[in-house]
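In: My questions are about this predicted structure, shown below with the sequence.
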Amino acid sequence: VSDTLSVNDAVVSFSKNDRVSGQILPNDSDFGNMTSLHNVGQFGATNDADIDAPEAWDVTRGSTNVLVGVIDSGVDPTHPDLYLNIWLNQGEIPDALRPSLVDTDSDGLITFYDLNASANSSRVRDRNANSYIDAADLLDDPLWADGRDTDGNGFTDDFFGWNFRNDANEVFAPNNPSDNLGHGTHVAGTIGAIGNNSRGVTGINWRSSIMSLKFLDETNQGDLASAIAAVNYATMMRSQFQTNVRVLNNSWGQPGGFNPLLKNTIEAAGNAGILFVAAAGNGNILGSGVDNDRNPFYPASYESENVISVGASDATDRLAPFSNFGLRSVDIAAPGVGVRSTLPGGRYGEANGTSMATPHVAGAAAIVWSQQLSASIREIRESLISQGDQIPSFREFIQSGRRLNVSRSLRADVFAPTVVLVSAPDIISSGATYNTVEVIYNSANAEAIDLESIGDADIEVQPQSFDSAPLAGIFELGSMIVGSNGRSVRARYRVPAVGGQWDILDVGIYEVRSNANAVRSTNGLGVNPKILGYFSVRLGQNENLFYVDTKTDSRDLVPGDGKCEDPNRMCSLRAAIQESNARPQQEITILLSAGQYDVNIWPEWKGSPDYHISPSESLPYAGIQLNSMKWNDSNSGDLDVRGKAKIIGAGWNRTTISGDRTDRIFKVYPSASLELRRMKLQNGNASIGITGGAILNSGNLRVYDTTFANNNALAGGAITTIAGVTRLERVNME
């Protein structure tokens, strides 16, 4: 159509008829008073001296999948304008209730939106009789608050955060970070008060997840150790418990007092992918702003890559007179005068301060992350700071010279293309020479994907189960499928098997990763390095191949039945070897995952010299009466190898077999064979048996890529070979 119109002499000009929508305004009763979000000149304010929230809501209104931690005086979880957006720790949902709970909005989480739906009404109770289900109800319900640390994070029943106050006057329990000051609740409302619910105020995020991390008391005081603990909690929950904490709001601080531990803690949060938004401070005792370049205010003044320092502006786009400033140390301004938000007990009120400006930036970061799920801290930070509205008078006070504009941040041309794993099938049979990995690249802005940038260096696969260099994905020519606008491209890569073809030595987990800047958009922005997903190599288990799935030292239930099963129906290392011994003519492969396997069954004392010592073992010590002659050989503590066993671990320092100082680890009998690969043998003890601290070999022993450490023997060190054959390759002795 465009080609036809462009050559028609009767057509002067033409353009595409795009669909447009009106600006989205919430129905919340106090929204008209919120000049920070939507300023139309009300109350003598300056038109558009706001963060353009309605324009942002045309794009997104937030997500429960993006979590904001409020490090403050706590948050009132019962507030009618907050309760749905309070974070619910998925790991603390009781095991007895989890299977029956319904994710009613299909966001992949059980949230208070779900718990207030009729589908879950039989699983929750309104204990505080306020007509809805909130976090306080769960804390008061023994079916939920069962006194168990269900997720194993060291914090019991931490449903919506933690109270790090340990003062004797603290009125709330450690697992109840509620607010008896009001400061933290006010901050939380700016970030995520429920939007469009015909009540009170509106948060920047209509839907959100707010984690309450309390360390300030009712006098607005708190100790630094508690603040550090709060940051560490958020970092732990993100890095170890798959909780998507992306932003920490920090409306607190003090002049001076540089603390390297706090700085390191903040930077550790950054390394985990958490943005740290901090208030620049509210001036001196006279109420006049202070230059933070000369008089630092911490934590806002830490020069860490994940810190944004926020000053306060008013409704006429002037810097608030109380706001600290700094051409080098304060990054951006945000509304901080007459900010209306939530207060404990279902109340609302206005407040002033950089404490009120900071949650505008934190809330903006969260809503941008809800749209740009793969964005890095650097990209989010740049979108917030570089896309603010330029305010000429700020150029003397604020590093960027800008006031926050969340709408422009959402539309910023700073986000690199994203890459999503479509498929990476598991390898379940041997023989194939490669695996096929398929991904989709999406441009995060209006630019198209640069097709010339797609090639062999785009992805790599790192074996997690043994020590090996990453495997480079080889781009399949002709595999690209390009979307109509060029902003989406599907591509396939071949990942070669480690040894030429997939076999038993390749068993394990493989991590698929994107390489930094390998694929770019046409404006030159490259993808971020990222773990895309995993595939596994797990060849079919059979009577000659056992996967050890317990680290407990236990005996086989029925040796020789072809099943590696201990009394708990688990396959232990000892049970697998006993199955191998029952079929001495067949080679049995035994696979160990990462971790430590303790050989700690003690030998059984018989009290009479019926212990059979083979001539090959006893000859070197003829004439010496050994106490070991009274041990029963069939029940000795070590692992007796009488068949043909091949044991493969996950890596030199990934898989450890420990003798636990009770006995040597392996004894290989005549006519038997043992092959060991990719492991560490430690703490073998042959002080009674004299020889072979880790292994006594009278058969055929082959050891590859293995470390021996801290093994003890009166003679023979780690390995003693008597009338047998031993072959060692790439072996370390410690």
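Out: Ah, there it is.
In: looking at it, Pro417 is touching Gly524, isn't it?
Out: No: between Pro417 and Gly524 there is no contact under CB atoms under 8 Å: 10.8 Å. In short, each C-beta sits where N, CA and C put it, glycine included.
In: Give me the more crowded residue out of the two.
Out: Ranked by neighbour count (other CB atoms under 10 Å), Pro417 and Gly524 place Pro417 first, with 27 against 11.
In: Just the element for the residue lying closest to Leu532 once chain neighbours are set aside, please.
Out: Distances taken as CB to CB, 6 or more residues apart in numbering place Leu421 nearest to Leu532, at 3.9 Å, with adjacent residues excluded. Here Leu421 sits within strand 418-423, counting by DSSP states H and E.
In: Would you mark the buried spots in that strand?
Out: 418-421 (16 or more other CB atoms under 10 Å).
In: now stretch 354-361, how far from the centre of its chain.
Out: Put simply, stretch 354-361 sits 27 Å off its chain's centre (CA atoms, centre = their mean, to the nearest Å).
In: Touching it from outside, list them.
Out: Residues from elsewhere that reach stretch 354-361, judged by CB atoms under 8 Å, 6 or more residues apart in numbering: 36, 51, 70, 183, 186-188, 190-191, 204, 249-252, 277-282, 308, 310-313, 320, 323-324, 332-337, 339, 341, 384, 404.
In: Let's see that with 7 Å instead.
Out: Stretch 354-361 is touched from outside by 36, 51, 183, 187, 190-191, 204, 249-251, 277-282, 308, 310-312, 323-324, 332-336, 339, 384, 404, with contacts defined as CB atoms under 7 Å, 6 or more residues apart in numbering.
In: Quickly list what the residue nearest to Leu532 is bridged to.
Out: Here Leu421 sits in beta bridges with Val439, going by DSSP bridges.
In: Could you report the pLDDT at it?
Out: Per-residue pLDDT puts Leu421 at 96.
In: Also Glu734?
Out: Value listed for Glu734 in the pLDDT field: 83.
In: now do Gly62
Out: The model reports Gly62 with a pLDDT of 97.
In: Who are the contact partners of the closest residue to it other than its chain neighbours?
Out: The shortest distance from Gly62 to any non-neighbouring residue, by CB to CB, 6+ apart, is to Asn205 (3.0 Å). Residues counted as contacts of Asn205 (CB under 7 Å, 6+ apart) are 61-62, 191-192, 363, 366-367.
In: Check Gly659 too.
Out: Counting by CB under 7 Å, 6+ apart, Gly659 has contacts 599, 665, 683-685, 694.
In: Quick one, which of those residues has the minimum pLDDT?
Out: The minimum pLDDT among those falls on Asn685, with 83.
In: Let me know how buried that residue is, in neighbour terms.
Out: Asn685 is flanked by 21 other residues according to other CB under 10 Å.
In: measure it to Arg395 for me?
Out: 73 Å (CB to CB, to the nearest Å).
In: what do you get for Ile380?
Out: 24 Å.
In: ditto for Ala193
Out: 33 Å.
In: who has more neighbours, those two?
Out: Ala193 (34 against 13).
In: I figured that one was touching Gly203, is that so?
Out: Yes: assessed by CB atoms under 7 Å, Ala193 is found in contact with Gly203 at 3.7 Å.
In: quick one, helices of the protein?
Out: 2-6, 53-57, 112-115, 135-139, 183-192, 224-240, 260-271, 354-371, 377-386, 406-410, 573-582, 615-618 (DSSP state H).
In: Low-confidence bits of this protein, can you list those?
Out: Counting by pLDDT under 70, the chain shows low-confidence ranges at 1-22, 465-466, 541, 603-637, 687-690, 715-716.
In: how does it look with 80?
Out: In the predicted model, the chain carries pLDDT under 80 at residues 1-23, 445-446, 464-468, 484, 540-543, 602-637, 652-653, 660-663, 686-691, 714-717.
In: give the contact list for the residue lying closest to Ser658 once chain neighbours are set aside.
Out: Distances taken as CB to CB, 6+ apart put Asn683 closest to Ser658, at 4.6 Å, once the chain neighbours are dropped. Asn683 is in contact with 658-661, 710-711, counting by CB under 7 Å, 6+ apart.
In: I'd like these as TSV, with distance to Ala300 appended.
Out: Listed next are the contacts of Asn683 as TSV, based on distance: CB to CB, whole Å:
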residue	distance to Ala300
Ser658	49
Gly659	54
Asp660	52
Arg661	53
Asn710	49
Asn711	55
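In: Quick one: mark the members of these that sit in strands.
Out: Among the contacts of Asn683, DSSP state E puts Ser658 in strands.
In: What are the contacting residues of stretch 580-592?
Out: Residues outside stretch 580-592 that contact it (CB under 7 Å, 6+ apart) are 504, 507, 544-548, 559-560, 573, 576, 579, 642-650, 655, 679.
In: Swap in 6 Å and give it another go.
Out: With contacts defined as CB atoms under 6 Å, 6 or more residues apart in numbering, stretch 580-592 is touched by 504, 507, 544-548, 559-560, 576, 642-649, 655.
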